[in-house]
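1. sequence first, predicted coordinates after that:
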Amino acid sequence: MASAAAAMFNRGGSGPNKENSMRGLVSFIADLRNARARELEEKRINKELANIRQKFKQGSMTGYDKKKYVCKLLYIYILGWNVDFGHTEAVKLISATKYSEKQIGYLAVTLFLHEDHELLPLAINSIRKDLHDYNELNNCLALHAIANVGSKEMGESLCDDVHRLLISPTSKPFVKKKAALTMLRLYRKVPSIVQPEWAERIIAIMDDPDMGVALSVTSLIMTIAQDDPDAYRGSYVKAANRLRKIVIDHQYSGDYVYYKVPCPWLQCKLLRLLQYFPPSEDTHIRQLMRHSLRAILDAAMEMPKNVQQNNAQNAVLFEAINLIIHLDTEHDLMVHISTKLGKFIASRETNVRYLGLEAMTHLAVRTETLDPIKKHQDIIIGTLKDRDITVRRQGLDLLYSMCDTTNSQKIVQELLKFLQTADYAIREEMVLKIAILTEKYATDVKWYVDISMRLIAMAGDHVSDEVWQRIIQIVTNNDELQVYAAQTILQYCKADHCHETLVKIGSYILGEFGHLIADSQGCSPIEQFMALQGKFNSCSPNTRAMILSAFVKFVNLFPEIKPQLLQAFTTYSHSLDSELQQRACEYLTMATMPSDELLRTVCDEMPPFPERASALLSRLDKKQGAIGDKRTWSVTAKDGLPTLDRSSTLKRNFSAAQTATANGIANGAAISNGANGMVKSPIEELAGLDLGGPVNLASASHLSPDWEPGYHRLLLRPEGTLYEDVQIQIGLRSEYRAEVGCLIIYFTNKSSAPIQSFTTTLDNSSPEQLKIDIKDLPDTTVHPGSQAQQMVMFEAKTVFTDSPTIRVSYMAGSLQALTLKLPVAIHKYMENAVLSSDDFFKRWKQIGGAPRESQKIFQGYDVSTESTKRLLEGFKWGVLGGVDPNSKNFVGATVLHTTGGKFGCLLRLEPNMESKMYRLTIRATDESVPPVLMKYMEERLAQPWPL
Amino acid sequence: MAIRYLILLSRQGKVRLAKWFTTLSPREKAKIIKDVSQLVLARRTRMCNFLEYKDTKVVYRRYASLFFIAATDPTDNELITLEIVHRYVEQMDKYYGNVCELDIIFNFQKAYFILDELLLAGEMQESSKKNVLRVIGAQDGLEEMEVSEDGSLTGSHVQ
């Protein structure tokens, strides 16, 4: 692979083909290349620096000369030499009238200066001037400068100009995309620069026909959406849609096909963006994504020979795999990818092997069952011996993530084996991971103790304090471990060579639990004493102090060796180390007191350690650092999942400690992910969505001024115009069958120019009661005189009180947006009924009064018999004649259909012609119905809306 | 998800071009160049193109005498980063016509200008070769016009 690629650079070799127009610069560079020794190079550079300094001092140079000298300084700088003058000249050069001088000036600004540089404020005015210049190339230079060295101050004074270039209908694509990425830089520096109300307009640019613009703005949105998913939720549908257009509809220009792969960069970004949101609940969107994902997997069936094609294809494939894992519901696709990953990790190509392991780690963290991964366990273990450390590290991560009670013993054993030959760079992390796995999956007392001690014996130098302290905590908190732990550690301490860390553990454990084993062979008090005493001289002061503390506990436990212990204290009370000396003296005094009351109190058995998050996990977490990416997983997150079946059960405190452990890492993961605010779980985010969240432009609180006439007309009719202005007409047709309604919404472009980025967003304030299912999305481009349409199903699960709303936005020069209420109300699900007079009164009585009755007297608009009857029929009442003795009164019956059941409804409406009042009484078989119907009917009967 | 820096390094360890997309002190930059050069130069062929360095992922590839080294966030897509590097090489190849290390040395400013059309704020902005060349061509056009103006006014410049 390297050779094929290298050919590209070998072909040249004869020298620069493009002539550098600055001859002085060329000869200077040539001089430096001829200076073989560093001293010669330095000499030549110093000579040149002196020359340039003098020229700058003299002033009165032509623009060409300034440009040339700044270029020379730049070259010197790139070679790694310090250039401490000429920066002012560089800044001045950006206001040159000649483009080539300006361009070098800007290059120097981006290389010499940084965001906190004192000269930067001086450049702001020139940059602003160039942002306003009619020449787009100058706009671009200014944007480059901001994108490279943009500071807070610069951002605050120039962000409006950048924003203007981003959204202006006259901006050329090559300016727009730079503006998008410049905005991204400014957002990274000062998030508040990107104002919340820009969101909708920025999202609309994702539909830009120019792929470069779409790519750049997607990068911008990806970053902001990680911090503020609610405001950028609209980008989800856009991403799914754009991906389909590329992958399924093949909508792209040939320029953007990279080695047969259509715009892999944009595909990767879109696939990643979709991972930043909780999976969509919408069936249509899910299907959209499913089709695209399948197409990507299918395309990856063939393995291209060309390196670039292979890389680009796999780049998209791995991102698709990550999205599938994130969606976590596409079982067919999941099976497909685990097989594929199995092949990858055994690939002969190192890159593929590595990426396969990485994706499998993600899978292990997220998936319900580890079985598909465990199938490859041997191969994965084998990767610990890979010749490439990058692969070995990833293998370690995967083994850690795929561990559970069934394979923990095997994996830990392999890790221990590998630890002996592992690179120094990863030993500490390995030790930490082994320690965590050992604790987490210990099902057997002996196993936990054996492995922990072996781990330290083997890799003591790489063991952080947290590891050995954790072992002591766990032994202390678990009675059943204590005897075995004491026996084992004593054996280690008796050996000639014993790692100092083991001596620390030995001091503590024998001091606390040595008496439990004192009757066993080879474990007598004197032998315990000798073992620790023998290590004293080779240990550091800290460990020595711990040994002394063990000894004072021995005084309490083993009176038979008191003389030896006192002797030891006496010896060390002359220690040169003041801490040791003090300890020895204190212990000596305590041990020789006439009463042993104090000694007993002080040396009483240690209480169990309070349960708290494992320090091991927080340490591992710290090592993995704050990852800037907010996908809802990280390598360690597995432990944070509620894996009851997988967690093991050492009894009592131990298992309690595990719960604490799990919580610990859950919090830890959240913190590491949440550098700019806490990551919410998908559930929380959904909850936030229903409650409105920050700004939901599609909600009823943002209705456009002229929404009412169309809405009220269509409340009583199945089809008609919902809204109309000079640019757009929105009409709809509806059909209701039982509890399901189908709406087709038509959008007609009335203007003479095409409408771009056409977007609809539905908002449902009562998802529990009303289920919305979007069947398709309207085309994003609507040509003059033509129509886009969208079909949506509404299912009444039970009685709902609020009609859903729709946000319609599109680009027609600038962004236009409307929020309208859809005429989907509970009465649409009613079917008029015919009842005889007797039946009516019988049921009327059966239902009875409150709470299953609503009654109200209110002012009507047009109480005439004819008009009232039409309204009632519009509300789908069967108007029953000859039931009410008063012929002016109306009586009606209807049946309401919901998924939760059918409800019979009866009505009596008494108009008072003189006072133009109505008295309306509604009874229904369920008390939830009358108030809602009353609300809609009163609103309608009292208002002058034409029918 | 962005490139943090891009370094072009010769086999002898000389920096031919460095572009930093995050703000770092000269000292930090020097340290990174030193560490990463060491790591990359020590790699053998047919090892994978990715490395872990501190809290970044280093994606590198060798083209004849030059190493192209990009560092990204650890969660970034490695392969697509690798192809950004390749597209840059191709773009220079198209512009210089059979690019070689000397082109980048003698016309280093152009190498930066091309990079500015490809990457901004560490993100890929344009993957169409044609579009990039068109912009660079427009820049060159302006420059040539200015040079000829210079020539007619003040005579040709020597040194």
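-> Happy to help now that I have it.

2. for chain B, what's the nearest residue on the stretch 801-947 of chain A?
-> In the stretch 801-947 of chain A, the residue that lies nearest chain B is A:Met811 (20.9 Å; C-beta to the nearest C-beta). In this view, the C-beta of every residue, glycine as well, is placed from N, C-alpha and C.

3. need the CA coordinates for whichever strand or helix holds that residue. PDB is fine.
-> Assessed by DSSP states H and E, A:Met811 sits inside strand A:805-812. The C-alpha coordinates for strand A:805-812 follow below in PDB (Å, rounded to 0.1, in the frame of the first residue of the first chain):
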ATOM      1  CA  THR A 805     -49.100  21.300  15.100                       C
ATOM      2  CA  ILE A 806     -46.800  21.500  12.100                       C
ATOM      3  CA  ARG A 807     -43.800  23.600  11.400                       C
ATOM      4  CA  VAL A 808     -43.200  24.300   7.700                       C
ATOM      5  CA  SER A 809     -39.900  26.000   6.800                       C
ATOM      6  CA  TYR A 810     -38.200  26.600   3.500                       C
ATOM      7  CA  MET A 811     -35.700  28.700   1.800                       C
ATOM      8  CA  ALA A 812     -36.900  31.300  -0.700                       C
END
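
4. after it comes which helix or strand?
-> Past strand A:805-812, the next helix or strand by DSSP H and E is strand A:814-821.

5. contacts for that following strand?
-> With contact meaning C-beta atoms under 8 Å, 6 or more residues apart in numbering or on different chains, strand A:814-821 is reached by A:167, A:169, A:200-201, A:204, A:697-700, A:702-704, A:707, A:710-711, A:722-723, A:727-728, A:730, A:803-810.

6. try 7 Å
-> Here strand A:814-821 makes contact (C-beta atoms under 7 Å, 6 or more residues apart in numbering or on different chains) with A:169, A:200-201, A:204, A:697-698, A:700, A:702-704, A:707, A:711, A:722-723, A:727, A:803, A:805-810.

7. what about the host helix or strand of A:Phe858, average pLDDT?
-> Following DSSP H and E, one finds A:Phe858 within strand A:853-859. Model confidence over strand A:853-859 averages 90 on the pLDDT scale.

8. count of residues packed around residue 25?
-> No chain was given, so I picked chain A. 23 (other C-beta atoms under 10 Å in any protein chain shown).

9. wrong one, I was asking about chain B
-> A count of nearby residues for B:Ser25, using other C-beta under 10 Å, gives 10.

10. any weak-confidence spans in the chain?
-> As the question left the chain open, I've gone with chain A. Within chain A, the set of residues satisfying pLDDT under 70 comprises A:1-20, A:611-615, A:619-694, A:947.

11. sorry, should have said chain B
-> Residues of chain B that meet the cut-off, pLDDT under 70, sit at B:1, B:150-159.

12. again, 90 this time
-> For chain B, the stretches with pLDDT under 90 are B:1, B:26, B:44-47, B:52, B:54-55, B:74-75, B:97-100, B:142-159.

13. for it, which segments are assigned as helices?
-> For chain B, helices defined by DSSP state H occupy the ranges B:26-41, B:78-92, B:101-106, B:108-118, B:129-154.

14. put the alpha carbons of the first one into CSV.
-> Yep, that's helix B:26-41 we're talking about. Backbone C-alpha positions of helix B:26-41 (Å, rounded to 0.1, in the frame of the first residue of the first chain) are rendered in CSV as follows:
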residue,chain,number,x,y,z
PRO,B,26,5.5,27.1,20.8
ARG,B,27,6.8,24.8,23.5
GLU,B,28,3.8,22.4,23.3
LYS,B,29,4.1,22.3,19.6
ALA,B,30,7.8,21.5,19.7
LYS,B,31,7.2,18.7,22.2
ILE,B,32,4.5,17.2,20.0
ILE,B,33,6.6,17.4,16.9
LYS,B,34,9.5,15.7,18.7
ASP,B,35,7.4,12.9,20.3
VAL,B,36,5.3,12.2,17.3
SER,B,37,8.2,12.3,14.9
GLN,B,38,9.9,9.7,17.0
LEU,B,39,6.9,7.5,17.1
VAL,B,40,6.2,7.7,13.4
LEU,B,41,9.7,7.3,12.2
